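Enquirer: what would the 3D arrangement of this be:
(2 chains)
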There are 2 protein chains.
Amino acid sequence: MEVAQPVTELRDLLDEGQDPQLKAFCESFHPAALAEHLEEMEPEERLMVLTKLEPQFRAELLGHLEPNAQIETVELFSDSELARTVTYMPSDERVDLLKILPEDRVEEVLRTVAKAEREDILRLGAYEEGTAGAIMTSEYATVTKDLTAREALDRLRMEALDKETIYVAYVVDDQRRLIGLVSLKDLVIAKANTPVEDLMTVDPVVAYTYEKQEEVARRLSQYDLIAIPIVNPNNVLVGIVTFDDVLDVTEAETTTDFHRMAAAGLMTTSLREASIWLLYQKRVPWLLILVFMNVFSGYAISRHEATIEQYVALVFFLPLLIDSGGNAGSQSATLMVRALATGDVRIPDWLRLLGREVLVALAIGISMGVAVSAVGVFRGGPDVAVVVAATMVLVVFTGSLIGMLLPFGLTWSRLDPASASAPLVTSLADIAGVLIYFGIAAWYLELQPMG
Amino acid sequence: MEVAQPVTELRDLLDEGQDPQLKAFCESFHPAALAEHLEEMEPEERLMVLTKLEPQFRAELLGHLEPNAQIETVELFSDSELARTVTYMPSDERVDLLKILPEDRVEEVLRTVAKAEREDILRLGAYEEGTAGAIMTSEYATVTKDLTAREALDRLRMEALDKETIYVAYVVDDQRRLIGLVSLKDLVIAKANTPVEDLMTVDPVVAYTYEKQEEVARRLSQYDLIAIPIVNPNNVLVGIVTFDDVLDVTEAETTTDFHRMAAAGLMTTSLREASIWLLYQKRVPWLLILVFMNVFSGYAISRHEATIEQYVALVFFLPLLIDSGGNAGSQSATLMVRALATGDVRIPDWLRLLGREVLVALAIGISMGVAVSAVGVFRGGPDVAVVVAATMVLVVFTGSLIGMLLPFGLTWSRLDPASASAPLVTSLADIAGVLIYFGIAAWYLELQPMG
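Expert: The predicted structure follows:
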């Protein structure tokens, strides 16, 4: 693969001890690209490369490594190296790193860094995982409304070096309450002596520290913002969430939804790197639960042993019918899970959507019933055809409603709608299908004159 | 719902003919928020509101409406109103709008707008859907490397009004080839007489017009860029794609993946707004295809009629076994589809992942075989238990491999891996399951002394 080249070059430069060339070679990459190459190396090599670099670049690089590679590398750092590097990391990445480090190392870092940074780390680390507070950064620039455009620009010039973004400056009052924002663009365009007050946007879009990160992502995306200010309930500005964090959150959230849909638990590691044991452990529980759920369908069938012995042809259609119900159900569930995740559909819509689903499911069921009845006549005679067609309509109908209602029910119970996985919905629909099929068969075929 | 309030207010102001108040009320909203309220109104009301607003604000508002609402509204515009509004829209949104308009209206618009804009519309409209070219905008600022920081800032000040982003200025040579970029932040921080050449980043991350939009989204996200420059094969700068477009692309792509996974075709409309007919039309084809595929499993069963008549208990386990194979398969497929979509896993990984899947699938299969054999003894005697347990191992194994390999096969054939939908994988695994089950049953039970 083409990525092997830079790694070889890095190794050669390390072996030859050519530090200035190594440094220049590293700096010719974007940190994100160099991080990918470093991930291919052994932790010890990675450490050697990192020690040759400027602290600023090293910190950026570390932030771009996968969590596993981060841990491996940082374990080799001395406490003072770690504390120094951490100082240069953006506050959100720093907190993420410290969260995955062993407690004694975190304490050592906290002991070593300056008081202001320590307080910042503790403050950001205190927010609940998954909330705006947990992903926000404290690198942002503030101005007051009485500054002129030129004064504000001068202020940004001074602050810019350690702020993650200065494209927007937040206007705060003397209590640090957010009263507006002004973009760097507006400051640059404005006449030098225009007061910030005349340039600022009042009532900016904000998010609260306790809001869910998906909600924050959705809002930033809806309003096309580079960053969204995070305030506490008293409207005091405490951080910002930037668009690149939102891109990461969105990707992670969607992956979680997919994994839930696969009934495979929550995986935070890469699928490529996942061990056999991890995959086994994550995948087997739901499959086992579904096996035991399905024992009910076996029991239901066993109660109709006599009917089956009389009409063995009924068995031919069993996989087809229960599959159809499961398929219709997992279709409905998948569409609904996604619509709930993007906010296209919300809880109060459920009744209207149920009404529509009833009609769509009936239409699909009837189409499939007609299709299958042709096969039914041919293979099992007219009696079996009637039973199979009627079952198909009901099974597709039931499966679709289960698939549609389950994600709503989970959302309603404050669970993740994506837990309405295809396997779960399919198994529920299948159990319902077996009950419907043999119920109809026993009832209808007993009415017939001959056995 | 709380959104009803502003709509009522808008209607009242319209009825009372209080245009200045209406305008002020509208401008108190972010266009994205106002667009949501307007979507709740009738097209005629929406048009009346829009005509009271400044062209700039009107154009932004229009860009934030859902495609359906856009069309409904724009149909009521006169040609000249339409042409005027279009002039104020960002170039990418403008092209998106014109793509969904009837041809005669597009021609009328093209006839009316200025030559430069006409050429821009035609140029952007010519790129293939789904590529970088089709989502890029031509609103960006360029500078040359011999300007000083102050001159560059002056240039941006002049250009800023009709550029979508000036946070980054692109440095081009006299052939408009991209040679670097400089951020507004760097220009603001730099001494006034520093040449752009000394400030610019050379070899910036770019994307080509023909690259797939998901690839562009991934790159922008990886490098945390506000915008990514789009160049043609000669390295001439032709547009940029901004982070907000990438957020939209990512959301749309993921929704497409979910819909494919549901075997429900591609839906671009909101699920909430989708009509019964549309849902029927999108959902029924795959379900019907799967019904006819499943006729094979019926045929396979019918060949074992004698075995079934002898051991009716085999039927009790049929739903359980085929469900388990289908569930394991749809788990594997879902995990793989997502990993392929995020780039976590790529085609060359397939052999290594297959090796791992074989081991994981065997381990899961054996666990489930053990679990089900307990039920098997209890319900059908030791012979049936052996058959059921052996089938379980093989069915889970086969299902998992189908689920893992199908997304790879589709990617390999340049199809969307997400077409390896849960219903398709489940049905394939179920057919394999039926063949395995009755194959093992017929073979093993015939060996037994008593019938």
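Enquirer: near chain B, which residues of the stretch 351-451 of chain A show up?
Expert: A:353, A:356, A:359-360, A:363-364, A:367-368, A:371-372, A:375, A:379, A:396, A:422-423, A:426-427, A:430-431, A:433-434 (CB under 8 Å from any CB of the partner chain). For glycine as for every other residue, the C-beta is placed from the backbone atoms N, C-alpha and C.
Enquirer: which among these end up buried?
Expert: Among those, the ones that count as buried by 16 or more other CB atoms under 10 Å in any protein chain shown are A:353, A:356, A:360, A:363-364, A:367-368, A:371-372, A:375, A:379, A:396, A:422-423, A:426-427, A:430-431, A:433-434.
Enquirer: returning to what we had before: which of the residues of the stretch 351-451 of chain A next to chain B fall within helices?
Expert: Secondary structure from DSSP state H places A:353, A:356, A:359-360, A:363-364, A:367-368, A:371-372, A:375, A:379, A:396, A:422-423, A:426-427, A:430-431, A:433-434 of these in helices.
Enquirer: which residue sits closest to A:Arg346, ignoring its sequence neighbours?
Expert: Spatial nearest neighbour of A:Arg346, chain neighbours left out: A:Leu340 (7.6 Å); criterion: CB to CB, 6 or more residues apart in numbering or on different chains.
Enquirer: burial count for the one you found?
Expert: 23 (other CB atoms under 10 Å in any protein chain shown).
Enquirer: using the three-state scheme, assign it.
Expert: helix (DSSP: H, G, I helix; E, B strand; the rest coil).
Enquirer: touching, it and A:Pro407? I think so.
Expert: Yes: counting by CB atoms under 8 Å, A:Leu340 does reach A:Pro407; the two are 5.8 Å apart.
Enquirer: shared neighbours of those two, anything?
Expert: Common neighbours of A:Leu340 and A:Pro407 are listed as A:Pro417 (criterion: CB atoms under 8 Å, 6 or more residues apart in numbering or on different chains).
Enquirer: how far away is A:Pro102 from A:Val74?
Expert: When CB to CB, to the nearest Å is the yardstick, A:Pro102 and A:Val74 sit 10 Å from each other.
Enquirer: to clarify, my last question referred to A:Val345.
Expert: According to CB to CB, A:Val345 stands 43 Å off from A:Val74.
Enquirer: A:Phe438 too?
Expert: A:Phe438 is 61 Å from A:Val74, by CB to CB.
Enquirer: cool, A:Glu93 as well?
Expert: A:Glu93 is 12 Å from A:Val74, by CB to CB.
Enquirer: so between the two, which is more surrounded?
Expert: A:Val74 (23 against 19).
Enquirer: residue contacts, the more buried one?
Expert: Contacts of A:Val74 by CB under 8 Å, 6+ apart are A:Leu62, A:Leu82, A:Leu97, A:Leu101, A:Arg105.
Enquirer: tally of neighbours for A:Asp257?
Expert: The tally of other residues near A:Asp257 (other CB under 10 Å) stands at 23.
Enquirer: you'd agree it is up against A:Val337?
Expert: Yes: shown here, A:Asp257 and A:Val337 form a contact pair, counting by CB under 8 Å, at 6.6 Å.
Enquirer: common neighbours of the two, please.
Expert: A:Ala418.
Enquirer: that older thread, what is in contact with A:Glu93 and A:Val74 at once?
Expert: Contacts common to A:Glu93 and A:Val74, judged by CB under 8 Å, 6+ apart, are A:Leu62.
Enquirer: quick one: buried residues of stretch A:26-46?
Expert: A:26, A:29-39, A:41, A:46.
Enquirer: among those residues, which are located in helices?
Expert: Among the buried residues of stretch A:26-46, DSSP H puts A:Cys26, A:Pro31, A:Ala32, A:Ala33, A:Leu34, A:Ala35, A:Glu36, A:His37, A:Leu38, A:Glu39, A:Arg46 in helices.
Enquirer: looking at the residues you listed, which is nearest B:Leu447?
Expert: Distance to B:Leu447 across these (CB to CB) is lowest for A:Glu39, with 54.2 Å.
Enquirer: how close does the closest one sit to chain B?
Expert: 13 Å (CB to the nearest CB, to the nearest Å).
Enquirer: in contact with that residue, which residues?
Expert: A:Glu39 makes contacts with A:Leu65, A:Glu66, A:Ala69, as judged by CB under 8 Å, 6+ apart.
Enquirer: ok, the first one touching A:Thr73?
Expert: Same thing as A:Leu65. Yes: when contacts are counted by CB under 8 Å, A:Leu65 is listed as touching A:Thr73 (6.7 Å).
Enquirer: buried stuff in the host helix or strand of A:Val284?
Expert: A:Val284 is part of helix A:276-302 when elements are defined by DSSP states H and E. Neighbour-count burial for helix A:276-302, counted by 16+ other CB under 10 Å, picks out A:279-280, A:282-284, A:286-288, A:290-291, A:293-295, A:297-298, A:300-302.
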